[in-house]
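1. Predicted model follows, preceded by the sequence.
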There are 2 protein chains.
Amino acid sequence: MTSPEQHDRMANAIRFLSMDAVEKANSGHPGLPMGMADVATVLFTKYLNFDPKQPHWPNRDRFVLSAGHGSMLLYSLLYLTGYPDMSIEDIKQFRQLGSKTAGHPEYGHATGIETTTGPLGQGIANSVGMAIAERKLREEFGSDLLEHYTYVIAGDGCLMEGVSQEAIALAGHLKLNKLIVFWDNNSITIDGAVSLSDSTDQVARFKSVHWNTIEVDGHDQSAIAAAIEAAQKSDRPTMIACKTIIGFGAPNKQGTHKVHGNPLGADEIAATREALNWDAEAFTVPTDILDAWRKAGTRSAETIRAWEGRLDASGKKAEFTRRFAGELPPGFDAAISEYKKKLAESKPTVATRKASEDALEVINGFLPETLGGSADLTPSNNTKTSQMKSITPTDFSGRYMHYGIREHGMAAAMNGISLHGGLIPYGGGFLIFSDYCRPPIRLASLMGIRVIHVLTHDSIGLGEDGPTHQPVEQLAALRAVPNLMIFRPADATETAECWQIAIKTPNRPSGLALTRQNLSAVRAEYSEKNLSAQGAYTLAGSDDAKVTIFASGSEVEIAVAARATLEGKGISTRVVSVPCTELFFEQPEAYRNAVLGKSPVKIAVEAAVREGWDAFIGPEGTFIGMKTFGASGPYKELYKHFGITAEAVVAAAEAKL
Amino acid sequence: MTSPEQHDRMANAIRFLSMDAVEKANSGHPGLPMGMADVATVLFTKYLNFDPKQPHWPNRDRFVLSAGHGSMLLYSLLYLTGYPDMSIEDIKQFRQLGSKTAGHPEYGHATGIETTTGPLGQGIANSVGMAIAERKLREEFGSDLLEHYTYVIAGDGCLMEGVSQEAIALAGHLKLNKLIVFWDNNSITIDGAVSLSDSTDQVARFKSVHWNTIEVDGHDQSAIAAAIEAAQKSDRPTMIACKTIIGFGAPNKQGTHKVHGNPLGADEIAATREALNWDAEAFTVPTDILDAWRKAGTRSAETIRAWEGRLDASGKKAEFTRRFAGELPPGFDAAISEYKKKLAESKPTVATRKASEDALEVINGFLPETLGGSADLTPSNNTKTSQMKSITPTDFSGRYMHYGIREHGMAAAMNGISLHGGLIPYGGGFLIFSDYCRPPIRLASLMGIRVIHVLTHDSIGLGEDGPTHQPVEQLAALRAVPNLMIFRPADATETAECWQIAIKTPNRPSGLALTRQNLSAVRAEYSEKNLSAQGAYTLAGSDDAKVTIFASGSEVEIAVAARATLEGKGISTRVVSVPCTELFFEQPEAYRNAVLGKSPVKIAVEAAVREGWDAFIGPEGTFIGMKTFGASGPYKELYKHFGITAEAVVAAAEAKL
């Protein structure tokens, strides 16, 4: 044990860095870093297996600050333990434009930030994904190469959010015993006491989903240490309830919501310096304390050297390294091309959800790193290919996750799986339920990570389930998210191409919107080139056509049928397939202008709302799609009822000419 | 007690109507109606206080089928108990276009459907709102006029979804003892056994949030009845875990996922008829059984007559009736006008979140039916006015809900409050967290109900909290939802107008996107007319201007400043304020064309993504806004960094001219 005095001074270093940085920025959250400083000090100086000089070491313990508003806790720890890219100047730049030390921890801004947190509940759900990845890769590569803990600090807010409940239920079910969550039980929220809005017995709630639970005084270093050691030995995930005082040390404000999200003010900071007997200037850590912290940051160096020796001797080094680099094995493109050739011959009439399964059959056969799953819609999402055995609590040799009816938890866990490294997660749901998991989809886009959402039943084409299940605004809503690639392939060939792009793009998440209903093949012949990668391309017709019809997914066959009729009437018509609007608008201007073209009549067809299509056809263009929510009925009747037919396209073109 | 034989035959009537309707539609979910038929029969024939002939009686017990895919259970009950608008023909039209009997229960399609369900977890969360409304109105009007139960049937899917966990934690905290949830514990999900994805001890979990729990055999009518009677006496909400066999009665498929969401098939239906000893033809209910059901539907007639007598004698009839009709008292517009006059004089520079508080101060002072709240952001959302005392578990005399850090649960509960009638709910959150509650926002839009979301911190203007908290795509994503009014007012006057519209529109939900940062007043003078109700209007400049700048919210002052510079340079410029794109596109074409105008240069300015603005400016127009996620820093620096300034607008206009 560190002496009590030494421990206190090390923890106080976190407290003062945090309160001083918040004060300088005149913005931020001092309460959590001050309250959880003792827990973090024990964890980082004695247990966390990590090396600031080798921050990407694959077998490091992961640390997730789920309560991301307490970002100064993490930044303080990174600085104190000696991450080379976190200087005291960086700390001084807290919350300033362009700094590494953003208001909330941003993945990629500095090493040691394992995930972007801030939207509450996401971090703890990410951590469940990290623990899944650890368990799965341990099974695959063996404990010699991969076996580590995932530690989390979560607040009351994290635990009130439903996503955390989805995630902890899954973690308990899967017995992810290397997952250890510290709950900052400080009884305070922004509105005031937790008791204003909640009276949950958190310990009982975690127990009800089969977690191990331990309760400690969050300011007692011995108790914290004992709890961590007990947790490490558990056969189940552990929640350590840490009773803390928010803003610990600020004599007049601690224990109240005043210290949660506002600077303490000069007077209170002075009073805290006195109360904690801290003489050092702002942003200065006494040398002996900084030395002790830096030494703690070197604890794992020998462990890493030994691990490297095992990796070298394992015979698995090349594959392990490739997997953690996120690189694909050679031959992936060739495998897709071969499959596309077969499709060009067979020209299957098939629902794109089934075409997705067929493409996945190729992909999963070629790549051992894909980890499939579904939010309890496996037979509808077609996500389980022949290679995918189900993962169970006692057997992680499979590659398929039954995430349960937990779209939000699934998406957040997939972020954690991707962030962990070594695996490419994909998960299925209905497109409509993307609404349940927008926060993690957004965070994946912000972080720039490879997570693939299989979003089937993508329009009124799903039929009888009716408007609660028929997406109309989800495509527009997802296309609005920066950096997210939303694909809506028109047939089996485009589906294969969209999967190819999604798999090959390590720094962007994807969503594939797929039909329940069968679609004809629209691509006339084999193309070596991935045409979908351009986002939109001319499928048929010439540049000087009088009419251009833009369409995506299931409506491309409608556009093709309308073209046949129009051409039959002597009206030259071009059809542009638009599998991915995001990628299209990233193409060079000349390509974009060529595809948009100069037809006097422009029509867009999509069984969804118009929003976004004006960028193709302008306000004066004709949009054939949905203006309202859908309805329950057989899908062919719905298409007629809502006027999304080849006849309607023809009539619109003729009316405009 | 009904004789066991009689009970079984009454329950079997539900089973056969359900399986036969699913068979005829060749689509649907027979499993739940067959499994829960016994529970529903006991509830509807002995306990539920309702009258099919007076379906809108305000004091009826509410019944919510949270597991909405089991819609045939509800339709069967409505037909059997004698709702005049649910005929056997309607049952035969199950899942057909234009029918009342959609795939999932749709609010408004038939009386007796208390809420639209299907997206799992929403119904149980709605029911928490209904129970809150009941408790609040009981406090206000007294038990003589309002005191009823809210009953719910929820499945495993409902309970796995995080939104249900948020809602039940809130219900337990508030001791909503008139809420009684039947959990259809059938151990089956779409993927197979529940044990594939979950091992939650649901009874323990409900206990951990202070619910009363009871476990029964869901096919034992005596046990079910005893459980309901015990639940009715509880001082806490009750969860009755009903162990059932999904698809009960289908001899070869019951108890498996095969019976969940597919027709049984002719052979299995024949086998079920034999197994359950049921001779009647499809869609025919034996007369004695139908008579018994119809009689059950008349149980409450006398209760209602007595209640009407109490209402007549109460002295509160006019107010009670007004409140449940959802009508506003006379003088509301005058109160807003008076407030707008003051604003026209004072022209305050104020954040619109504060302007919203000021408008609410007027509204809450005038309307006793508003029920405010926030998802633990009260001091940031400015939602608690002087009239708003906090509601606590033991005191519902207040009008303010601390919903906790539960945006999703809050939004779904607000739907339930609105559906219950008698109250107008509004709730606060950050605009970014609208992503956490899109499913209930969508359902409110689909149902056409009055629910008001106060969405503050609406852009990079929130500053240092950074990209996780800065909305860029949320405006586009929300504007894409049909029937939803998203307002983004530019100053205090527009804020008052937007609130006026939101309150006065009983059949649409609203969201108000509001700033953290101060804004200047942009409206030059008092206008009796609500200009914001047109969605967009010319704020300054003439129709023949060379340049038109469209802007919303905080960017209107930027547009106004740019206009001043341009006019100073001799370039005629018009500014159009766009507080609500939805309402604008609902205006007559002539008005729209006049506002869109014919300026050769069109510019739109909004600190958000472009999606949607092409409808105003066309693809050739200039958009000044966000192309990426935001960043952490002081907000004025962010506006410069992202190029959203008056100077940038001026430069863009000059470049185009």
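-> It's in.

2. residue boundaries of the helices in the stretch 401-550 of chain A?
-> Using DSSP state H, counting those that start in this stretch, the helices of the stretch 401-550 of chain A run over A:407-420, A:438-447, A:474-479, A:492-504.

3. so how far is A:A250 from A:E525?
-> Between A:E525 and A:A250 the distance, using Cβ to Cβ, to the nearest Å, works out to 72 Å. Placement of C-beta: from N, CA and C, glycine included.

4. Who has more neighbours out of these two?
-> A count of neighbours by other Cβ atoms under 10 Å in any protein chain shown puts A:A250 above the other of A:E525 and A:A250, at 26 against 8.

5. and the nearest residue to the more buried one once chain neighbours are set aside, what does it touch?
-> Among residues not flanking A:A250 along the chain, A:T272 sits closest, at 4.7 Å (Cβ to Cβ, 6 or more residues apart in numbering or on different chains). By Cβ atoms under 8 Å, 6 or more residues apart in numbering or on different chains, the contact set of A:T272 is A:R15, A:F16, A:M19, A:G249, A:A250, A:P251, A:L264, A:W278.

6. how about the fourth one, secondary structure?
-> Classification of A:G249 using DSSP: H, G, I helix; E, B strand; the rest coil returns coil.

7. again with the third one
-> Three-state call for A:M19 (three-state DSSP): helix.

8. For it, give me its contacts.
-> Counted by Cβ under 8 Å, 6+ apart, A:M19 has contacts A:P30, A:P33, A:M34, A:A250, A:P263, A:L264, A:I269, A:T272.

9. for the first one, same thing?
-> Applying Cβ under 8 Å, 6+ apart, we find A:R15 in contact with A:P33, A:M34, A:A37, A:F248, A:G249, A:T272, A:L276.

10. Flag every residue of the stretch 401-550 of chain A that's near chain B.
-> Within the stretch 401-550 of chain A, the residues that sit near chain B (Cβ under 8 Å from any Cβ of the partner chain) are A:402-406, A:408-409, A:432-433, A:435-436, A:438-439, A:442-443, A:445-446, A:463-469, A:472-473, A:476-477, A:479-483.

11. Of the residues you listed, select the buried ones using a PyMOL command.
-> Buried residues within these, by 16 or more other Cβ atoms under 10 Å in any protein chain shown, are selected in PyMOL with:
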select buried, chain A and resi 402+403+404+405+406+408+409+432+433+435+436+438+439+442+443+445+446+463+464+465+466+467+468+469+472+473+476+477+479+480+481+482+483
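
12. any idea what sits nearest the closest residue to chain B within the stretch 51-200 of chain A, other than its immediate chain neighbours?
-> Of all residues in the stretch 51-200 of chain A, A:G162 sits closest to chain B, at 2.2 Å by Cβ to the nearest Cβ. Residue nearest to A:G162 in three dimensions, not counting chain neighbours: B:G162, with 2.2 Å by Cβ to Cβ, 6+ apart.

13. per-residue confidence at the one you found?
-> Looking at B:G162, its pLDDT is 98.

14. got it, and A:M1?
-> At A:M1, the model reports a pLDDT of 59.

15. try A:E281
-> Reported pLDDT for A:E281: 96.

16. so what's the backbone phi/psi at it?
-> Dihedral pair for A:E281: phi -60, psi 160, per degrees, to the nearest 10.

17. Kindly provide the distance from it to chain B.
-> 24 Å (Cβ to the nearest Cβ, to the nearest Å).

18. which residues of the stretch 1-150 of chain A fall in helices?
-> A:4-25, A:31-35, A:37-42, A:71-81, A:88-92, A:122-141.

19. can you redo these as CSV with distance to B:G570 and mean pLDDT?
-> Below are the helices of the stretch 1-150 of chain A laid out as CSV (distance: least, Cβ to Cβ, whole Å; pLDDT from 0 to 100):
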stretch, distance to B:G570, mean pLDDT
helix A:4-25, 44, 97
helix A:31-35, 55, 98
helix A:37-42, 62, 98
helix A:71-81, 50, 98
helix A:88-92, 47, 98
helix A:122-141, 52, 98
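
20. what's the most buried one of those helices?
-> helix A:31-35 (a mean of 32; mean count of other Cβ atoms under 10 Å in any protein chain shown).

21. Surely the residue nearest to A:G162 and A:I168 touch.
-> No: using Cβ atoms under 8 Å, B:G162 makes no contact with A:I168, being 10.2 Å away.

22. quick one: pLDDT of the residue nearest to A:L360 when sequence neighbours are not counted?
-> Distances taken as Cβ to Cβ, 6+ apart place A:T385 nearest to A:L360, at 4.9 Å, with adjacent residues excluded. Per-residue pLDDT puts A:T385 at 98.

23. Same question for A:A524.
-> Reported pLDDT for A:A524: 83.

24. quick one, what contacts the nearest residue to it once chain neighbours are set aside?
-> Leaving out its chain neighbours, the residue that sits closest to A:A524 by Cβ to Cβ, 6+ apart is A:A540, at 7.5 Å. By Cβ under 8 Å, 6+ apart, A:A540 lies in contact with A:A524, A:V560, A:R563, A:R574, A:V575.

25. list the contacts for the residue nearest to A:G162?
-> Taking Cβ under 8 Å, 6+ apart as the test, what B:G162 contacts is A:E161, A:G162, A:V163, A:S164, A:Q165, A:E166, A:R406, A:H408, A:G409, B:G121, B:H408.

26. Could you do A:Q534 as well?
-> Under the criterion of Cβ under 8 Å, 6+ apart, the neighbours of A:Q534 are A:L583, A:F584, A:Q587, A:Y591, A:V595.
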